[in-house]
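Engineer: need a 3D model of the sequence below.
(chains A and B)
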2 protein chains.
Amino acid sequence: MMDIDMELRVIGRIESSLETKDDCPKQGYEADVTGRIVLDEHYASALEGLEPEQKIVLVTWMHEASRDILSGHPRGDETRPRRGVFALRSPMRPNPIGIDVVDIVAIESPATLIVRHIDQLDGTPVLDIKPHIAADGVA
Amino acid sequence: MMDIDMELRVIGRIESSLETKDDCPKQGYEADVTGRIVLDEHYASALEGLEPEQKIVLVTWMHEASRDILSGHPRGDETRPRRGVFALRSPMRPNPIGIDVVDIVAIESPATLIVRHIDQLDGTPVLDIKPHIAADGVA
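Structural biologist: Presented below is the predicted three-dimensional model:
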């Protein structure tokens, strides 16, 4: 297992109106923010088959989140008892990988998606996009 | 953006009966494989609040997947037209991050979950666990 390549590749960046963590909704579906997923042109062909109105799973690296905190309050509400971070959707976790469903509004060449329900800070690194498959419960 | 820490931390490993890629179902919910998520003991407290029967989103690094392929056939079926990897759930993608919903069967101390509907190879590195929230469509 020593030799496996686990180095993340930043495939693009989020462009959004969310400039600080305080601007961000707790879940993208609670807000109606439209933004862009701007991929490196190298990945243009990897988008083939995606269509407007389709839901996708957007995987990002929440680069401003602390990685060394193991518990927190649900939705940051201190009146609620602490839980482990694996029982929370908080960005604070050992690997701050964001997993969110967004809707494709339009596809702009060469490799940009306009999407709705974004909750990522402007500049957030993008790691992956997967088609959303509701049937199995996630994606 | 130069200084952000994007180094993945392996928080644990999957223990399953799936020894080769050919053993793996295309989606975990198509099989009924029970396996274990064995976390490093350091993360035991991060599990607090998770309960048996709860669904979780299991985030893994699909360490045997090719990272340089940008298109493929849906479900590997060559009679179906090629699509970009971002329109496929294939493990082959620039960052082979696996996102799957599994059911907690039991929690064993110090930091092991027994789970149902696993589709990961034995030894797969674990990156994150999140509670599954059906309401927003993903997790």
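Engineer: mind listing what the residue nearest to A:Trp61 when sequence neighbours are not counted touches?
Structural biologist: The spatially closest residue to A:Trp61, leaving aside those adjacent along the chain, is A:Pro125, at 4.4 Å (C-beta to C-beta, 6 or more residues apart in numbering or on different chains). For the C-beta atoms, the positions are set from N, CA and C on the backbone; glycine is no exception. Residues in contact with A:Pro125, defined by C-beta atoms under 8 Å, 6 or more residues apart in numbering or on different chains, are A:Leu8, A:Val10, A:Gly12, A:Arg13, A:Thr60, A:Trp61, A:His63, B:Met1, B:Ile4, B:Met6.
Engineer: ok, 10 Å please
Structural biologist: Counting by C-beta atoms under 10 Å, 6 or more residues apart in numbering or on different chains, A:Pro125 touches A:8-14, A:60-63, A:98, B:1, B:4, B:6.
Engineer: now A:Glu108. Nearest residue, chain neighbours left out?
Structural biologist: Distances taken as C-beta to C-beta, 6+ apart put A:Ile114 closest to A:Glu108, at 6.6 Å, once the chain neighbours are dropped.
Engineer: how near is the residue nearest to A:Trp61 to A:Ser17?
Structural biologist: Taken as C-beta to C-beta, to the nearest Å, the spacing of A:Pro125 relative to A:Ser17 amounts to 18 Å.
Engineer: do the same with A:Ser66
Structural biologist: Here the criterion is C-beta to C-beta. By it, A:Ser66 lies 24 Å from A:Ser17.
Engineer: same question, A:Ile133
Structural biologist: Per C-beta to C-beta, A:Ile133 is found 29 Å from A:Ser17.
Engineer: so which of these two has more stuff around it?
Structural biologist: More neighbours sit around A:Ile133 than around the other of A:Ile133 and A:Ser17, counting by other C-beta atoms under 10 Å in any protein chain shown; the figures are 14 against 11.
Engineer: isn't that one up against A:Val57?
Structural biologist: Yes: contact between A:Ile133 and A:Val57 holds when scored by C-beta atoms under 10 Å: they sit 8.8 Å apart.
Engineer: elements contacting the helix or strand hosting the residue nearest to A:Glu108?
Structural biologist: Element membership of A:Ile114 [criterion: DSSP states H and E] is strand A:112-116. Applying 3 or more C-beta pairs under 10 Å, 6 or more residues apart in numbering or on different chains; DSSP states H and E, one finds that strand A:112-116 makes contact with strand A:12-15, strand A:34-39, strand A:55-61, strand A:97-108, strand A:125-131.
Engineer: the same query, at a cut-off of 7 Å, please.
Structural biologist: Other elements packing on strand A:112-116 under the criterion 3 or more C-beta pairs under 7 Å, 6 or more residues apart in numbering or on different chains; DSSP states H and E are strand A:34-39, strand A:97-108.
Engineer: buried residues of the shortest one, list them for me.
Structural biologist: Which is strand A:34-39. Within strand A:34-39, the residues that qualify as buried by neighbour count (16 or more other C-beta atoms under 10 Å in any protein chain shown) are A:Gly35, A:Arg36, A:Ile37, A:Val38, A:Leu39.
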